[in-house]
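Visitor: A structural model of the following input is requested.
(2 chains)
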Number of protein chains: 2
Amino acid sequence: MAKASVVGDITISVDGFVTGPDPDLEHGLGHGGEPLHRWAFSEDPVDQGVLQRAVDRSGAVIMGRRLFDIIDGPNGWNDEVGYGAEHAAPPPVFVVTHGPPASWRLGDRFQFVTDGVGAAVEAAREVAEADEKDVVVMGGGHVIRQALDEGLLDELTLHLSPMLLGRGTPLFDGSRPRSLEQISVEVSSEATHLTYRVSTSP
Amino acid sequence: MAKASVVGDITISVDGFVTGPDPDLEHGLGHGGEPLHRWAFSEDPVDQGVLQRAVDRSGAVIMGRRLFDIIDGPNGWNDEVGYGAEHAAPPPVFVVTHGPPASWRLGDRFQFVTDGVGAAVEAAREVAEADEKDVVVMGGGHVIRQALDEGLLDELTLHLSPMLLGRGTPLFDGSRPRSLEQISVEVSSEATHLTYRVSTSP
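Guide: Presented below is the predicted three-dimensional model:
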């Protein structure tokens, strides 16, 4: 059985924010942050290919609780909208949280992991490897940074969106120094999609 | 006479730093920051082309005082090393400073501007346009951010170096929100060279 890669995958502005200021349930990308994800709705075949391959490779998804609350919220995912929504068998999602919610909308595809991102990666890896796929850590910024700092990521994909947000949720905020190896760059009309191999030692 | 473009041109880490921590005269790129500029010494023809075209287009250069002190310092520029050093007529440099130094090593190619980056752009533009070239704002981070925030930049070129520095001098630190237009992306083995058109209104 092939070892699954663990891939952080997130969209950032040129000044390094994953949301604009003051994100909340109704404005998951913060105020002014919506254009960040323009590439994901683009008809550019480069963007569509990047998105398709990301979904295809993901045998399991990890996300943080704040992101879960947004996608479970009023403007969240449904059968048509959301990562892997159009797939016959969308990947299971492991939500890193201090305590699971009493109830939620999105169903038992979502599981809650209360003992940290390392445990979530372990659980997700088992599922992904059984399916010969990879683990995608899709955010928010805090969970990706934590996975990076704990040396859990094999790859980091950044969808670099051509805008300066000025304020918001930073992806990097005192990360550990680490060398990266640039393994692919794909350019569309809406974004530059950068993938790095993460060195296992800082 | 063609209008000169004003171009911010700087190398950053993936986490947005233009130097590592604690830069000083002996360690202009801070501690651990040297690999940032690996692309500039690379034999990859993409990197060499990017560097050559940047130098060729620059009819005048703007830099901040801290950067000047480094390049005028013990590990600084000389006839062989430095931006445009190999050119018969290297471009004049306008240094933005509160007060000019009593003396300096590098000669009268360097002029000091004490009334702000806007005044430096004005002086540099006049020289560059007479030569049918552009104005390059080459750093440090503070001067580029200031030029960006004051709406003085037409283009921003970021040489994105595959490393996380964790700490250092950030390029963006509460910039004004602004949309960018991606105008070119060049990929080498050492870096991704991104050029954006900067919208004139925030």
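Visitor: quick check: what element follows the helix or strand harbouring A:Leu148 along the chain?
Guide: Assigned by DSSP states H and E, A:Leu148 falls within helix A:141-149. Per DSSP H and E, the first helix or strand lying C-terminal to helix A:141-149 is strand A:155-161.
Visitor: in that following strand, what counts as buried?
Guide: Judged by neighbour count (16 or more other Cβ atoms under 10 Å in any protein chain shown), strand A:155-161 contains these buried residues: A:Glu155, A:Leu156, A:Thr157, A:Leu158, A:His159, A:Leu160, A:Ser161. The C-beta positions use only the backbone N, C-alpha and C, and glycine is treated the same way.
Visitor: in a markdown table: these, plus pLDDT.
Guide: Converted to a markdown table, those look like this (pLDDT from 0 to 100):
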| residue | pLDDT |
| --- | --- |
| A:Glu155 | 97 |
| A:Leu156 | 98 |
| A:Thr157 | 98 |
| A:Leu158 | 98 |
| A:His159 | 98 |
| A:Leu160 | 98 |
| A:Ser161 | 98 |
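Visitor: identify, from these, the entry nearest to A:Thr192.
Guide: Sorting the buried residues of strand A:155-161 by how near they are to A:Thr192, with Cβ to Cβ, puts A:Leu160 at the top with 4.5 Å.
Visitor: need the nearest residue in space to that closest one, chain neighbours excluded.
Guide: A:Thr192 (4.5 Å; Cβ to Cβ, 6 or more residues apart in numbering or on different chains).
Visitor: before we move on, what about A:Ser189?
Guide: A:Asp44 is the one closest to A:Ser189 (Cβ to Cβ, 6+ apart), at 5.1 Å.
Visitor: pretty sure the one you found is touching A:Glu190, no?
Guide: Yes - in terms of Cβ atoms under 8 Å, A:Asp44 counts as a neighbour of A:Glu190; the distance is 6.1 Å.
Visitor: between those two, which one's more packed in?
Guide: A:Glu190 (21 against 14; other Cβ atoms under 10 Å in any protein chain shown).
Visitor: where's the more buried one relative to A:Pro162, distance?
Guide: 8 Å (Cβ to Cβ, to the nearest Å).
Visitor: between the two, which contacts overlap?
Guide: Applying Cβ atoms under 8 Å, 6 or more residues apart in numbering or on different chains, one finds that A:Glu190 and A:Pro162 are jointly contacted by B:Gln182.
Visitor: around chain B, pick out the residues from chain A.
Guide: Within reach of chain B by Cβ under 8 Å from any Cβ of the partner chain, chain A has these residues: A:14-16, A:20, A:32, A:35, A:148, A:158, A:160, A:162-167, A:171-172, A:174-182, A:185, A:187, A:189-192, A:194, A:196.
Visitor: among the residues you listed, which ones are buried?
Guide: Buried among the residues of chain A next to chain B (16+ other Cβ under 10 Å): A:14-16, A:20, A:32, A:35, A:148, A:158, A:160, A:162-167, A:171-172, A:175, A:177-180, A:182, A:185, A:187, A:190-192, A:194, A:196.
Visitor: please flag which of those residues sit within strands.
Guide: Among these, the members found in strands (DSSP state E) are A:158, A:160, A:163-164, A:178-180, A:182, A:185, A:187, A:192, A:194, A:196.
Visitor: in JSON lines, list the residues you listed along with distance to B:Pro92.
Guide: Below are those laid out as JSON lines (distance: Cβ to Cβ, whole Å):
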{"residue": "A:Leu158", "distance to B:Pro92": "37"}
{"residue": "A:Leu160", "distance to B:Pro92": "34"}
{"residue": "A:Met163", "distance to B:Pro92": "34"}
{"residue": "A:Leu164", "distance to B:Pro92": "30"}
{"residue": "A:Arg178", "distance to B:Pro92": "39"}
{"residue": "A:Ser179", "distance to B:Pro92": "37"}
{"residue": "A:Leu180", "distance to B:Pro92": "37"}
{"residue": "A:Gln182", "distance to B:Pro92": "35"}
{"residue": "A:Val185", "distance to B:Pro92": "35"}
{"residue": "A:Val187", "distance to B:Pro92": "35"}
{"residue": "A:Thr192", "distance to B:Pro92": "33"}
{"residue": "A:Leu194", "distance to B:Pro92": "36"}
{"residue": "A:Tyr196", "distance to B:Pro92": "38"}
